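**Q** got a structure for you, letters missing:
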């Protein structure tokens, strides 16, 4: 019998800027009452980038932490680099993975970008695992930076549900034949009916950047049909969250009752609590809610692992499930057996 090789998480790294927008500040700019921000949205403050906190730069800061924790030489030990961060980054039309590769010193590796908005970390983990199993790569690093907070106009009430967009950098090193923190199976749903609902109107080929576009604030994220989007999402979103988690668990040989820690993407407090409770998880004892940092996009998953470990919520032998959902729309889940097999 051929033994299936294991893929384990050798190290992670996170970086969260010190700068903050408080609920009071966001309220003053948006008109949303402070109490609504703090209670319904569950937002006390959010991280925003400092002067040097560019998208790839934040991913690099996190990667250097992960590399140090793993005790490896990036020039010799990293085979592939996957950029799972945002395309809103230092300069348009760069291949961010190659920039990231250069700045962490992974000179032997080859690199590529992948993006599915907030679902990208899970997608990158699925791709990395497949590459390692089929091509025998020993180590792959996944890097991400996120500062889509820049693309939010607080005065636009159509994007109120995204006023918590924040900033951070994360990295994860996956290792072949590593018997700790085993990456099991993932699941993804994408639904193209939402593909034209949320985007930045100006800056592409349909509407190039112009003075008029800037004056009309068309360089920020917007929602084309807020009521229609809410109606369609309300019918599907929560059930799709549960569906991808169940699918990821089943393919990994587990079920809801086996979940020890749920790395939920940040969302409004009621939705966060609903998903956790539906999955049989205590939302605050078996997960982490980012009320001080906001929603860091695809980075939420890795930050949740970091915080879960710090707080003792994740222990050796625990079954960890990461979740995500991204505009477009996608829903994602990944199951991990933490610690030793």
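**A** Everything's here; your move. If you're wondering where the values come from, they're calculated on a predicted model, not measured in any experiment. Residues are numbered from 1 along each chain as shown.
**Q** Helices along the stretch 201-341 of the chain, start to end?
**A** 211-215, 226-252, 269-278, 300-310 (DSSP state H, counting those that start in this stretch).
**Q** Pick the most deeply packed of the ones you listed.
**A** Here the criterion is mean neighbour count by mean count of other C-beta atoms under 10 Å, and of the helices of the stretch 201-341 of the chain the winner is helix 300-310, at a mean of 22. From N, CA and C alone the C-beta is placed, and that goes for glycine too.
**Q** mind checking which of the helices of the stretch 201-341 of the chain is nearest residue 96?
**A** Comparison of the helices of the stretch 201-341 of the chain against residue 96 by C-beta to C-beta identifies helix 300-310 as nearest, at 17.0 Å.
**Q** avg pLDDT for the closest one?
**A** In this model, helix 300-310 carries a mean pLDDT of 98.
**Q** Can you name every helix or strand that that helix contacts?
**A** Using 3 or more C-beta pairs under 8 Å, 6 or more residues apart in numbering; DSSP states H and E as the contact criterion, the secondary-structure elements in contact with helix 300-310 are strand 7-15, helix 120-135, strand 168-176, strand 261-263, strand 319-326.
**Q** winner for burial among the ones you listed?
**A** Taking mean count of other C-beta under 10 Å as the contact definition, the stretch among these with the greatest mean neighbour count is strand 168-176, which reaches a mean of 28.
**Q** quick one: the closest residue to residue 4 other than its chain neighbours from residue 177, how far?
**A** Nearest non-adjacent residue to residue 4, counting by C-beta to C-beta, 6 or more residues apart in numbering: residue 133, 7.9 Å away. When C-beta to C-beta, to the nearest Å is the yardstick, residue 133 and residue 177 sit 11 Å from each other.
**Q** Repeat that for residue 261.
**A** If you measure residue 261 against residue 177 using C-beta to C-beta, the figure is 25 Å.
**Q** Also residue 243?
**A** Residue 243 sits 32 Å away from residue 177, taking C-beta to C-beta as the criterion.
**Q** re earlier: now do the same contact list for the residue nearest to residue 4.
**A** Residue 133 makes contact with 4, 5, 7 under the criterion C-beta atoms under 8 Å, 6 or more residues apart in numbering.
**Q** neighbours around the closest residue to residue 257 other than its chain neighbours, how many?
**A** Spatial nearest neighbour of residue 257, chain neighbours left out: residue 280 (6.2 Å); criterion: C-beta to C-beta, 6+ apart. For residue 280, the count of nearby residues is 13 (other C-beta atoms under 10 Å).
**Q** Report the separation between residue 280 and residue 35.
**A** Taking C-beta to C-beta as the criterion, residue 280 is separated from residue 35 by 31 Å.
**Q** now residue 167
**A** On the measure of C-beta to C-beta, residue 167 and residue 35 end up 25 Å apart.
**Q** Which one's more surrounded, those two?
**A** When residue 167 is set against residue 35 and neighbours are counted by other C-beta under 10 Å, the residue ahead is residue 167, at 28 against 10.
**Q** and the residue most central in space within the chain, what does it touch?
**A** Geometric centre of the chain, nearest residue: residue 298, 1.2 Å, by C-alpha atoms, centre = their mean. Residues touching residue 298, when contacts are defined by C-beta under 8 Å, 6+ apart, comprise 84-86, 116-121, 144, 146, 324, 326.
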